[in-house]
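1. sharing a model prediction with you, sequence too.
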Amino acid sequence: MVSKTYPISRAIHFINIALWLTFQGCGFVWKNTITSILQLEYLLLSEHQFLFANLSHPLIILGVLGQILLLVHAFRRRWNRALNTLTVSILTLLVAFLVLVGFLTQQWTMVGMQLPFLICVCIYFFFAYKKTEGKDLR
């Protein structure tokens, strides 16, 4: 079922772009310093001298791959709903981890930075799995 592609709706195009943009707005608060996802990825990439050690960090692997797949799905005429949902789910796990860290450290700014992405995820699942008149809108 992974190889099935369907014509993509305009709503899914815009939702994938919104997911990518709101993922860029997600961030991390450490010692009252706000760091965005892009800055955090850059810091992790420049941390070690060995490129493999930098690229093997889960935030780098999952974050960068997820962002690339979101953009690929945003600009293709056909889409694979299962692969796009897997991409959104992986990015949601990363953001949910940041929300959990925000709750545990009581950094409400950090929790608030993740909310736009989580709202877009809810909108994505609504439109991606919406049924009308007994037919799937894909």
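-> Received it, and whenever you're ready, just let me know what you need.
2. element containing the residue most central in space within the chain, please.
-> Geometric centre of the chain, nearest residue: Leu91, 3.5 Å, by C-alpha atoms, centre = their mean. Assigned by DSSP states H and E, Leu91 belongs to helix 81-105.
3. all the strands of the chain, in order from the start?
-> 6-7, 27-30, 33-36, 78-79, 131-132, 135-136 (DSSP state E).
4. ok, which of those comes nearest Pro116?
-> With C-beta to C-beta, the closest approach to Pro116 among the strands of the chain belongs to strand 27-30: 11.2 Å. Using the backbone N, CA and C atoms, a C-beta is placed for each residue, glycine as well.
5. and that closest one, what other elements does it pack with?
-> strand 33-36, helix 37-45, helix 81-105, helix 108-128 (3 or more C-beta pairs under 8 Å, 6 or more residues apart in numbering; DSSP states H and E).
6. which parts of the longest one are buried?
-> Right, helix 81-105. By neighbour count on 16 or more other C-beta atoms under 10 Å, the buried set for helix 81-105 is 81, 83-84, 87-88, 90-92, 94-95, 98-99, 101-102.
7. pick out whichever of those residues sits closest to Val29.
-> For the buried residues of helix 81-105, the nearest to Val29 is Gly102 (7.3 Å; C-beta to C-beta).
8. local confidence estimate at that closest one?
-> You'll see Gly102 listed with a pLDDT of 91.
9. same check on Phe52?
-> pLDDT, read off for Phe52, is 66.
10. rewinding a little: CSV please, covering the helices and strands packed on strand 27-30 and showing distance to Gln24.
-> Below are the helices and strands packed on strand 27-30 laid out as CSV (distance: least, C-beta to C-beta, whole Å):
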stretch, distance to Gln24
strand 33-36, 7
helix 37-45, 6
helix 81-105, 11
helix 108-128, 9
